[in-house]
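J.: below are the sequence and a predicted model; questions follow.
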Amino acid sequence: MTIASGFIWHSFLKQDPNAVVLYVRSQEENEGNLRFGAIEAPLLDEIEFSHYLHHLDKTKHYYIYSKTGIKGELACRLMEEAGFNETMNLDGGLVNYKV
């Protein structure tokens with residue numbers, strides 16, 4: 001897992017042809033935060049998210065973000081435990097996002 005500032009995260013994302021963006025959130029968080037062509041990946045609990053991961057391609061590079069970065073970091077950790085090698089979390093989430 002890599003944790004990157006908004007500038008680094010966005011720079012890598014723009015140049016990566018193998019990129020998939022995941023927005024991880026709880027059910028109560030605002031859906032208006034879906035950006036960057038992201039796929040919504042609800043992170044209600046670790047077990048449900050682990051089941052969700054079975055639908056993802058492990059050869060892709062995953063750029064993860066959440067509102068504050070905390071759920072993004074958890075998602076990256078769970079993905080690594082499931083065998084995903086390329087995950088990058090947006091440090092501080094959308095709250096601190098600056099390009």
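T.: Here it is on my side, so go on.
J.: middle-most residue in the protein, spatially?
T.: The centroid of the chain falls nearest to residue 64 when counting by Cα atoms, centre = their mean (1.4 Å).
J.: against residue 92, how distant is it?
T.: 13 Å (Cβ to Cβ, to the nearest Å). (Each C-beta comes from the backbone N, C-alpha and C, glycine too.)
J.: distance-wise, check residue 39 relative to residue 20.
T.: Distance from residue 39 to residue 20, by Cβ to Cβ: 7 Å.
J.: to clarify, my last question referred to residue 11.
T.: Counting by Cβ to Cβ - residue 11 and residue 20 are separated by 17 Å.
J.: and residue 67, what is it in contact with?
T.: Neighbouring residues of residue 67 by Cβ atoms under 8 Å, 6 or more residues apart in numbering: 25, 29, 30, 33, 93, 94, 95.
J.: burial of the residue lying closest to the fourth one once chain neighbours are set aside, as a residue count?
T.: It stands for residue 33. Distance criterion Cβ to Cβ, 6 or more residues apart in numbering; nearest residue to residue 33, sequence neighbours excluded, is residue 94 at 5.6 Å. For residue 94, the neighbour count with other Cβ atoms under 10 Å is 17.
J.: perfect, that will be all.
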